[in-house]
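Chemist: Let's see this in three dimensions:
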Amino acid sequence: MSWRQIAGFASVIVAVLVDLPLITLTARSRWVGMPGIPDAGFSMSRLCFHIVFTFLFIELNRVVKDRVTKDRYGLTDQPHHPRFSVLSWYALNFLLFLLLTGLFAFVLLSWYPERPILVMATSYFRTFFVWVTALLIGNFLNVLQQNRLMQAENQQLKQQSLQAQLDTLRNQLNPHFLFNSLNALSSLIREGEPKSQQYLAKLSQVLRYSLQVQQQSLVSFADELQFTSAFSYLLSIRFGSNLYINNQLPTDAPWKIPPMSLQLLIENAVKHNIVSTSRPLTIQLSADVARGCIIVRNTYQPKLDPSDGMGSGLTNLDGRFHLLTGKSIQILRTDDEFIVHLPIIPAT
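Modeler: From the prediction side, this is the model:
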């Protein structure tokens, strides 16, 4: 229901309530109380006038007031000077009330010239209460409309703030990822591996994906798996049999996921754990649909000299999931394993 429809219904209700005693008296009366016009005609004319009068003042104080008194100060409004003060606006309302009521009473006087005092007194007395009620309703609807506008603006600003935070968190991942990718390429070139062409193709795929998802909050799970597979290949070339990545995630799962989430967890596992011939590192990726989570676990064999920035990647990843889903990632650590649970995000 629109604000104007609400004002229309309110006008009818107010007019009926104000004129109800006269309407009741007219319905019970069998004689003509005022010469020249039946009681029913007098009651209906006053009822119609009060409906129009009420609607006019409700709309006047709901729509026009903000434009002339500048009462609405939304979140995006700029300071400005009002055309009228609030006191001047209500004085103008009062003058308009006197004028319209006087015109209506003048019309009634043309029908009842012998009762001028009665006509004027009853007209102004009843219409005064209608006028005051119309002002209250108009201002009440005005406040409700302002609150709805401010709630909409607040929601819009909240979404913009969340998007800004998300962009910040996502951008914090990219330099870390690029630095490690270039390190891997440098190591491979120095070692003169024969698979360098395939490595470059996979690296190109990885870098292309990282550029494509720069402005995306969520990507399809299938695309993320293809990227993770390419990234895992780069690591397998670099570490050989010292690193084993067992990916058991479903390739056709209808899910969404923040871009490069799985890559971050794999990269963190390699970065913060020993990867050697004597102590190979195993990383396993799986899903527990019943619990609604993606599980990434690795053997826990931390380096004696932890890398700088340890924990910042997980903090950023947790921030992204919290902003997007309202849920946090779960981190479990045992003597033998380090496990991270990522909430599953349905595609719809």
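
Chemist: tell me the strands in the stretch 201-348 of the chain, going along the chain?
Modeler: For the stretch 201-348 of the chain, the strands defined by DSSP state E, counting those that start in this stretch occupy 219-220, 243-247, 255-257, 281-288, 293-299, 330-333, 337-343, 345-346.

Chemist: among the ones you listed, which is nearest residue 57?
Modeler: Taking Cβ to Cβ, strand 345-346 is the member of the strands of the stretch 201-348 of the chain nearest to residue 57, at 51.5 Å. Glycine gets a C-beta too; all of them are placed from N, C-alpha and C.

Chemist: helices or strands next to the closest one in the packing?
Modeler: With contacts taken as 3 or more Cβ pairs under 8 Å, 6 or more residues apart in numbering; DSSP states H and E, strand 345-346 sits against strand 255-257.

Chemist: got the strands of the stretch 201-348 of the chain as JSON lines, with mean pLDDT, distance to residue 318 and mean neighbour count columns?
Modeler: What follows is these, written out as JSON lines (pLDDT from 0 to 100; distance: least, Cβ to Cβ, whole Å; neighbours: other Cβ atoms under 10 Å):
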{"stretch": "strand 219-220", "mean pLDDT": "92", "distance to residue 318": "18", "mean neighbour count": "16"}
{"stretch": "strand 243-247", "mean pLDDT": "94", "distance to residue 318": "22", "mean neighbour count": "17"}
{"stretch": "strand 255-257", "mean pLDDT": "93", "distance to residue 318": "14", "mean neighbour count": "21"}
{"stretch": "strand 281-288", "mean pLDDT": "95", "distance to residue 318": "18", "mean neighbour count": "17"}
{"stretch": "strand 293-299", "mean pLDDT": "95", "distance to residue 318": "13", "mean neighbour count": "21"}
{"stretch": "strand 330-333", "mean pLDDT": "94", "distance to residue 318": "8", "mean neighbour count": "12"}
{"stretch": "strand 337-343", "mean pLDDT": "95", "distance to residue 318": "9", "mean neighbour count": "19"}
{"stretch": "strand 345-346", "mean pLDDT": "92", "distance to residue 318": "14", "mean neighbour count": "13"}
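
Chemist: so which of those comes closest to residue 189?
Modeler: strand 243-247 (19.2 Å).

Chemist: who does the closest one pair up with?
Modeler: Applying DSSP bridges, strand 243-247 is found paired with strand 281-288 (parallel).

Chemist: does residue 200 sit in a helix, a strand or a coil?
Modeler: helix (DSSP: H, G, I helix; E, B strand; the rest coil).

Chemist: That should have said residue 133, apologies.
Modeler: Quick answer, by three-state DSSP: residue 133 is helix.

Chemist: Residue 139 is nearest to which of the strands of the stretch 201-348 of the chain?
Modeler: strand 345-346 (45.3 Å).

Chemist: Parallel or antiparallel, which strands does that closest one pair with?
Modeler: For strand 345-346, pairing defined by DSSP bridges yields strand 255-257 (antiparallel).

Chemist: where does the stretch 151-300 of the chain have low pLDDT?
Modeler: For the stretch 151-300 of the chain, the stretches flagged by pLDDT under 70 are 157-178, 180-181, 184-185, 187-188, 191-193.

Chemist: pretty sure residue 284 contacts residue 296?
Modeler: Yes: here residue 284 lies in contact with residue 296, judged by Cβ atoms under 8 Å, at a distance of 7.5 Å.

Chemist: circling back to that earlier point, can I get the strands of the stretch 201-348 of the chain in TSV including distance to residue 104?
Modeler: Below are the strands of the stretch 201-348 of the chain laid out as TSV (distance: least, Cβ to Cβ, whole Å):
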stretch	distance to residue 104
strand 219-220	68
strand 243-247	83
strand 255-257	65
strand 281-288	76
strand 293-299	72
strand 330-333	73
strand 337-343	67
strand 345-346	63
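
Chemist: which stretch among these comes nearest residue 47?
Modeler: Here strand 345-346 is closest among the strands of the stretch 201-348 of the chain (Cβ to Cβ), at 57.1 Å.

Chemist: Could you pull up the residues touching the residue nearest to residue 138 when sequence neighbours are not counted?
Modeler: Leaving aside its sequence neighbours, residue 138 sits nearest to residue 61 (Cβ to Cβ, 6 or more residues apart in numbering; 3.1 Å). Neighbour list for residue 61: 93, 134, 135, 138, 139, 142 [criterion: Cβ atoms under 8 Å, 6 or more residues apart in numbering].
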